[in-house]
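Asks: give the three-dimensional model of this entry:
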Amino acid sequence: MDMHRRLRVVTLVDGIGLSGGAERLAREIVLRLDPERFERTFCVSRWSAAREHEAVEAGALAGLEEAGVRFLGLERRGTWDLTAWRPLISLLRSGADIIHAHKIGSNVWASVLGTLARTPSIVAHEHTWSFQGQPLRKLLDRRLIAARADAFLAVSEFDRERMIAIEGVDPAKIIFVPNGIPEPPPHEAVDIRRDLGIGSAAPIVGTVCALRPQKALDVLIDAAAILADRLPGVRVVIVGEGPERPALERRIGEYGLDGTVIMLGHRDDVRDLIGSFDVAVCSSDFEGTPLSVLEYMQAGLAIVATDVGGIPDLIGDGEHGLLVKPRDPGALAGSVARLLEDAGLASRLGAQARERQISEFDIGVTVRAVERIYEGLASGLTAADLGAVP
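Replies: Sure thing, here's the model as predicted:
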């Protein structure tokens, strides 16, 4: 290809708006790709008037047009609504060099459509959600994605191992790309404690996540019941929305924790909320490299997280936070209480976590890695060649 022209890159995600970290990361990467070297299109495959409203409300589309990124929304009416893919197929056939998909659904369709359109390079970005070995997903991974994609981007060593074992991916196709987050712009802090009616002396334990089974918030609520006995006045704040909310609210009521566990739903002031936490928690059953944990690290918070997936790649136990076994509310409560009762330890771990996030998990590190992969694939290098380059 003509290396003097911009590479045409299409990023494919299933949804955007109140979605989780993978979609946010995809958007952050697209926004920061060098516009002098890359012609960028951001495609959302499940789009509608309602989803557009949700995305606008969440600020998910902010900055795309200003950055020169083309947006393409496909109004799919169901999984097998094949006609909805026509605009994307046309775009790919018009000269796209790379299609970069995120998560299982988009990876499947990118593998199929990229092959049909003869797109030179197909990149599958895995974020752990598909890594559970379900028979259908395993079949799709092995027969479609593993066979068709030119490169797989893994966000952790755990994910790389699961790709090989469960999805049957050729190890030579896998490239490790660390997740990163941007430094937030300066702004005037808001007194969230006052807004929430929480006194200055009450410790706040918080988490930010989509309310899905994966996040094991039932375990966090169980831990809150233990904490409330040990530290009267403690507040546990859960920020996020999702299908598990009714079940979680019932669990809170059964424990009599109304007022102790506070569910805030979707919020636009997440940065201020995180800044109000004394201890941040990630109670997940499985994870890749969760952006929420990176945000806690960036804020210099004391963190308690489950020892699963890529989390140990972020947090050294006793060095950048405390790690606990999954589904152990007693251990979770004990580690949280330890940090709340030892301000010196909490401060030290938080400071070391922030230092590590800045040096190793900044969005600039992620974007530079992705740009190198794009240009390498376009020049004829393989994923094996690129994976060997630091």
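
Asks: let me see the mean pLDDT of stretch 298-318.
Replies: For stretch 298-318, the mean pLDDT works out to 97.

Asks: could you do stretch 51-61 as well?
Replies: Stretch 51-61 shows a mean pLDDT of 74.

Asks: got it, and stretch 111-120?
Replies: 97.

Asks: start the count at 27, not 1, going forward
Replies: OK, 27 is where the count begins now, so the last one is stretch 137-146.

Asks: which stretches of the protein have low pLDDT?
Replies: 27-29, 43-45, 79, 83-84, 155-159, 414-416 (pLDDT under 70).

Asks: residue 364 and residue 195, how far apart?
Replies: 40 Å (Cβ to Cβ, to the nearest Å). Bear in mind the C-beta positions are built from the backbone N, C-alpha and C, glycine included.

Asks: who has more neighbours, those two?
Replies: Higher neighbour count among residue 364 and residue 195: residue 195, with 23 against 15, using other Cβ atoms under 10 Å.

Asks: how about that one, nearest residue that isn't a chain neighbour?
Replies: Nearest non-adjacent residue to residue 195, counting by Cβ to Cβ, 6 or more residues apart in numbering: residue 189, 4.3 Å away.

Asks: next SSE downstream of the longest helix belonging to the chain?
Replies: In the chain, taking DSSP state H as the definition, the longest helix is helix 369-386. Counting by DSSP states H and E, the next helix or strand C-terminal to helix 369-386 is helix 389-404.

Asks: packing partners of that next one?
Replies: Applying 3 or more Cβ pairs under 8 Å, 6 or more residues apart in numbering; DSSP states H and E, we find helix 389-404 packed against strand 33-39, helix 47-58, strand 124-128, strand 147-151, strand 177-180, helix 409-413.

Asks: any idea which element residue 363 lies in?
Replies: Here residue 363 sits within helix 355-367, counting by DSSP H and E.

Asks: what are the buried residues along stretch 219-227?
Replies: Of all the residues in stretch 219-227, those buried under the rule 16 or more other Cβ atoms under 10 Å are residue 224.

Asks: ok so residue 140 is a helix residue?
Replies: Yes. Looking at residue 140 with DSSP: H, G, I helix; E, B strand; the rest coil, it is inside a helix.

Asks: shouldn't it be in contact with residue 148?
Replies: Yes. At 4.2 Å, residue 140 counts as touching residue 148 under the criterion of Cβ atoms under 8 Å.

Asks: now list whatever residues contact both of those two.
Replies: Shared contacts of residue 140 and residue 148 (Cβ atoms under 8 Å, 6 or more residues apart in numbering): 125, 174.
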